[in-house]
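Colleague: this is a predicted model, with the sequence first.
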Amino acid sequence: MIAIKNERIIENENLLAEIANGEAHYIAWANPGLTFAATMCQQGLKINADAYKALFMEVNTKKETGTVYPRANMTFLPVSEANYYMHTEKHHDSEYAKEDEFIQFRDAFIANRDYIKATKLYLDLRDFELYNNDKAFTLKLVERYGEIITDIFTQEQMTGIEKVVMVYMNLGHEDDKMTHITEVNGWKYYINKNDGDKIYRISTEDTGRAKLSDDNTSIYRIDGEWIYYQNKSYGYRLYRMKLDGSNVQKLTDDAVDFFNVHDNYISYKNIRDNFKYYYIRKDGSGRTDIMLMMLDDIADKDTE
């Protein structure tokens with residue numbers, strides 16, 4: 001019986017190295033845009049965005065599995081709907097049935113058996129996580145695709161394949177819908193959509209889960225030992241707290257629309273001042289209107 005494993009992978013370097021040396025065969029869905037599949041395709045084939053989009057469009061339009069071997073040990077499965085060049089192409093009216101997916105998977109495995117001959121197959125689920133952020137959804141996919149792969153090996157002679165690895169990124173906690181995930185020092189920090197957009201963290205081994213604050217937010221940044229966040233519970237003001245949720249501090253009374261943390265200061269859009277850009281030091285001091293500061297600099301130069 002074929003070994004089917006789940007493996008947490010965030011960076012692409014190890015995958016690309018195993019593909020390049022012929023050990024592994026990478027299988028993903030032809031999802032264009034800011035996706036793991038697109039990045040792997042561009043890096044593995046060393047092609048530009050227009051080239052990979054054309055490849056994905058061909059796979060999706062034909063509704064057939066497409067391999068790019070021998071250029072790279074990569075195969076892409078069709079998706080029902082994809083967005084190219086800022087418009088949506090619908091390839092059929094509904095999601096693929098399990099019978100259709102069986103054929104698509106089987107064709108990828110046959111390509112490996114007859115041509116690629118890799119001993120390890122990677123099935124990349126990270127883009128599903130990227131767009132759904134739902135552990136229950138991802139686990140259902142793992143179960144569904146595990147059944148399909150088992151059926152393929154039961155019905156077909158798939159020689160040479162020793163292991164199929166389903167690649168995931170952040171399965172997280174079963175009660176959480178995780179967004180805005182950031183990994184720091186063995187912890188995954190995230191906004192939990194199932195608990196009013198509050199900031200949580202969980203260890204990279206998916207243990208030690210903790211809610212860090214009862215404030216809700218849609219934006220946070222981690223810088224050093226601090227988490228900076230837009231506090232929607234208190235008028236969209238900018239706050240910060242330690243990585244463990246302690247030492248909560250308000251940094252400004254301005255309502256913050258968007259912000260970035262720089263080396264020595266924080267820049268942000270001030271909702272109450274027509275979305276003008278301001279900056280403050282990281283401790284909240286030195287509040288300055290960036291435009292006025294620039295005008296003052298210009299005036300000073302004119303008087304020199």
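Modeller: Perfect, thanks for sending it.
Colleague: helix, strand or coil for residue 38?
Modeller: The assignment at residue 38 comes out as helix when based on DSSP: H, G, I helix; E, B strand; the rest coil.
Colleague: the helices in the stretch 151-300 of the chain, which residues?
Modeller: Residue ranges of the helices in the stretch 151-300 of the chain, as given by DSSP state H, counting those that start in this stretch, are 290-302.
Colleague: where does pLDDT dip in it?
Modeller: Across the stretch 151-300 of the chain, the ranges flagged by pLDDT under 70 are 170-174, 206, 292-300.
Colleague: how about 90 then?
Modeller: The model of the stretch 151-300 of the chain has pLDDT under 90 over residues 154-160, 166-188, 192-194, 202-209, 257-258, 263, 290-300.
Colleague: for it, what spans make up the strands?
Modeller: When secondary structure is read from DSSP state E, counting those that start in this stretch, the stretch 151-300 of the chain shows strands at 163-168, 178-184, 187-192, 198-203, 210-216, 220-223, 226-231, 237-242, 249-250, 256-261, 265-270, 276-281, 288-289.
Colleague: mind putting those into a markdown table with distance to residue 112 and mean neighbour count?
Modeller: From N, CA and C alone the C-beta is placed, and that goes for glycine too. Formatted as a markdown table, the strands of the stretch 151-300 of the chain follow (distance: least, Cβ to Cβ, whole Å; neighbours: other Cβ atoms under 10 Å):
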| stretch | distance to residue 112 | mean neighbour count |
| --- | --- | --- |
| strand 163-168 | 10 | 20 |
| strand 178-184 | 31 | 16 |
| strand 187-192 | 32 | 22 |
| strand 198-203 | 35 | 20 |
| strand 210-216 | 42 | 16 |
| strand 220-223 | 40 | 18 |
| strand 226-231 | 44 | 23 |
| strand 237-242 | 49 | 20 |
| strand 249-250 | 55 | 12 |
| strand 256-261 | 44 | 18 |
| strand 265-270 | 50 | 19 |
| strand 276-281 | 53 | 17 |
| strand 288-289 | 59 | 15 |
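Colleague: would you turn the ones you listed into CSV with distance to residue 41?
Modeller: Shown next, in CSV, are the strands of the stretch 151-300 of the chain (distance: least, Cβ to Cβ, whole Å):
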stretch, distance to residue 41
strand 163-168, 15
strand 178-184, 23
strand 187-192, 26
strand 198-203, 31
strand 210-216, 37
strand 220-223, 30
strand 226-231, 34
strand 237-242, 39
strand 249-250, 44
strand 256-261, 30
strand 265-270, 35
strand 276-281, 37
strand 288-289, 44
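Colleague: residue contacts, residue 234?
Modeller: Taking Cβ atoms under 8 Å, 6 or more residues apart in numbering as the contact definition, residue 234 lies against 215, 250.
Colleague: once you drop chain neighbours, what's closest to residue 223?
Modeller: Once its chain neighbours are removed from consideration, residue 223 has its nearest residue in residue 261; the separation is 4.4 Å (Cβ to Cβ, 6 or more residues apart in numbering).
Colleague: before we move on, back to that, and of the strands of the stretch 151-300 of the chain, who's closest to residue 106?
Modeller: In this view, these are compared for proximity to residue 106 by Cβ to Cβ, and strand 163-168 is the closest at 13.0 Å.
Colleague: tell me the strands beside that closest one, with direction?
Modeller: Under the criterion DSSP bridges, strand 163-168 sits next to strand 3-8 (parallel), strand 120-124 (parallel) in its sheet.
Colleague: list the contacts of that strand.
Modeller: Here strand 163-168 has contacts from 2-9, 15, 119-126, 129, 138, 142, 145-146, 149, using Cβ under 8 Å, 6+ apart.
Colleague: what does stretch 44-58 give?
Modeller: The list of residues contacting stretch 44-58 from outside it, by Cβ under 8 Å, 6+ apart, reads 16, 19-20, 26, 30-32, 37-38, 41-42, 66, 68, 71-72, 74, 76, 82, 84-85, 89.
Colleague: which members of those residues are classed as buried?
Modeller: Among the contacts of stretch 44-58, those classed as buried by 16 or more other Cβ atoms under 10 Å are 16, 19, 26, 30-32, 37-38, 41, 66, 68, 72, 74, 76, 82.
Colleague: which of these fall within strands?
Modeller: Where the buried ones among the contacts of stretch 44-58 overlap with strands, as defined by DSSP state E, the overlap consists of 26, 66, 74, 76, 82.
Colleague: beta partners for the nearest residue to residue 289 once chain neighbours are set aside?
Modeller: Residue nearest to residue 289 in three dimensions, not counting chain neighbours: residue 278, with 5.7 Å by Cβ to Cβ, 6+ apart. According to DSSP bridges, the partner residues bridging residue 278 are residue 268, residue 289.
Colleague: same deal with residue 261?
Modeller: When bridges are assigned using DSSP bridges, the partners listed for residue 261 are residue 266.
Colleague: for the closest residue to residue 253 other than its chain neighbours, what are its contacts?
Modeller: With sequence-adjacent residues excluded and distances taken as Cβ to Cβ, 6+ apart, residue 253 is closest to residue 237, at 6.2 Å. Going by Cβ under 8 Å, 6+ apart, residue 237 touches 230, 231, 250, 251, 252, 253, 254, 255, 256.
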